[in-house]
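Q: starting from these lines, generate the structure:
(one chain, ligands or ions: 1)
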Amino acid sequence: MPELPEVQTVLDTLSHQIQDCTITDVIVNYPRMIQGDVQQFCDILKGNAFRAFERRGKYLIFRMDTCTLVCHLRMEGRFYLQKQDEPVNRHMHVIFQLSDGRQMRYMDTRKFGTMELFEADHSFDLFHDLGPEPFDETFNPAYIHAFRKGRKTPLKSLLLNQSFVAGIGNIYADEILFACGLRPGRSCARITGKDEQHLVEETRRILGEAIQAGGTTIRSYVSSLGVTGRFQLSCMVHTKKTCQICGSQIKVRTIGGRSSYYCPHCQK
Ligand SMILES: [Zn+2]
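A: All right, here's what the predicted structure looks like:
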């Protein structure tokens, strides 16, 4: 599942490719993907150009001239930029014809992705109960302290809670907790001020490095903008067998329905 760094990488890559490109036609092969009226969706987008690219949590936000297009890739969604005469496969559910002859094709084998239109100046500060962005200054130790007050949820569940902080998924939650030396199953009631500080720092460091890693990988692609977890190559703990720091065997525990990897020696 794409997490914040993958979504940011897709967005950065698209921004290099389709900035100021105008949509001349929209073909929707799977109407349920579109929130709201499909015909209206197509009509509004025609004639609009991609002007600015933003991200909120795992949502891609495309600012157009008269509207804002918001996409969520969910499990498997990805974009491809292809010439219009290239064959369309049956998993390409939404196709944006661009004025330069290319097509931006949204492919999604699982069909869980969504697209929705909003007003041109719509604010996404408050959106679907999403908490602060990890790189925003409002995500800080004092915020963590206030949020966890009265809660006993495991740290892993806290990091995955999108209303706590936006954009973190299973892989990065494990990596962040490893970097902080905190076990995923530990109650968020049992951490210190120093831990809160570490959580902020390591969240930003790890997501930042992943965005950089993704960015360098993805720019080498020409026509395919599909993005998968390339960052997994440099994971310290997620899906690993042994700890790269101490050599202990990595343990796996299910927390909140998600597999959580941790080192029993390095994480307390
Ligand atoms: Zn270890």
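
Q: residues in the stretch 101-250 of the chain within reach of the ion, list them.
A: Residues of the stretch 101-250 of the chain lying near the ion by Cβ under 5 Å from the ion: 243, 245, 246, 248. Glycine gets a C-beta too; all of them are placed from N, C-alpha and C.

Q: out of those residues, the closest to residue 27 would be?
A: residue 243 (49.6 Å; Cβ to Cβ).

Q: contacts only, for the closest residue in space to that closest one that isn't next to it in sequence.
A: Leaving aside its sequence neighbours, residue 243 sits nearest to residue 263 (Cβ to Cβ, 6 or more residues apart in numbering; 4.0 Å). Contact analysis of residue 263 by Cβ atoms under 8 Å, 6 or more residues apart in numbering lists 178, 237, 243, 245, 246, 248, 250, 251.

Q: filter those residues down to the buried ones.
A: 178, 237, 243, 250, 251 (16 or more other Cβ atoms under 10 Å).

Q: and the first one, what element?
A: Taking DSSP states H and E as the definition, residue 178 sits inside helix 170-180.

Q: which other helices and strands does that helix contact?
A: Using 3 or more Cβ pairs under 8 Å, 6 or more residues apart in numbering; DSSP states H and E, the elements in contact with helix 170-180 are helix 155-160, helix 193-218, strand 258-262.

Q: next helix or strand past the longest one?
A: What that stands for is helix 193-218. Later in the chain than helix 193-218, the nearest helix or strand by DSSP H and E is strand 251-255.

Q: okay, now the sheet partners of that following strand, with direction.
A: Each strand paired with strand 251-255, and its direction, by DSSP bridges: strand 258-262 (antiparallel).

Q: any idea how far the residue of the stretch 51-200 of the chain found nearest the ion is from residue 79?
A: The nearest approach of the stretch 51-200 of the chain to the ion comes at residue 178, 8.2 Å away (Cβ to the ion). Distance of residue 178 to residue 79, computed by Cβ to Cβ, to the nearest Å: 31 Å.

Q: what does the pLDDT read for the closest residue to the ion within the stretch 1-150 of the chain?
A: Per Cβ to the ion, residue 3 is where the stretch 1-150 of the chain lies closest to the ion, at 23.3 Å. If you check residue 3, the pLDDT there is 82.

Q: can you check residue 70 too?
A: Looking at residue 70, the pLDDT reads 97.

Q: apart from its neighbours in sequence, what residue is nearest it?
A: Counting by Cβ to Cβ, 6+ apart, residue 70 lies nearest to residue 116, which is 5.0 Å off, once chain neighbours are set aside.

Q: quote the end-to-end distance of stretch 86-102.
A: Stretch 86-102 has an end-to-end distance of 10 Å (criterion: Cα to Cα, to the nearest Å).

Q: hmm, I was thinking of stretch 91-104
A: End-to-end for stretch 91-104, by Cα to Cα: 13 Å.

Q: buried ones in that stretch?
A: Across stretch 91-104, burial judged by 16+ other Cβ under 10 Å covers 91, 92, 93, 94, 95, 96, 97, 98, 102, 103, 104.

Q: now for the residues you listed: which two are most distant?
A: 91 and 98, at 20.1 Å, using Cβ to Cβ across those.

Q: residue 53: what's its closest spatial neighbour, skipping adjacent residues?
A: Nearest non-adjacent residue to residue 53, counting by Cβ to Cβ, 6+ apart: residue 15, 4.1 Å away.

Q: what helices and strands are in contact with the helix or strand that neighbour falls within?
A: Following DSSP H and E, the helix or strand that holds residue 15 is helix 4-18. When contacts are defined as 3+ Cβ pairs under 8 Å, 6+ apart, helix 4-18 sits against strand 52-56, strand 59-63, strand 78-83, helix 193-218.

Q: neighbouring strands of the second one in the sheet, and parallel or not?
A: Pointing back at strand 59-63 there. Partner strands and pairing direction for strand 59-63 (DSSP bridges) are strand 52-56 (antiparallel), strand 67-72 (antiparallel).

Q: deepest-packed of these, please.
A: strand 67-72 (a mean of 20; mean count of other Cβ atoms under 10 Å).
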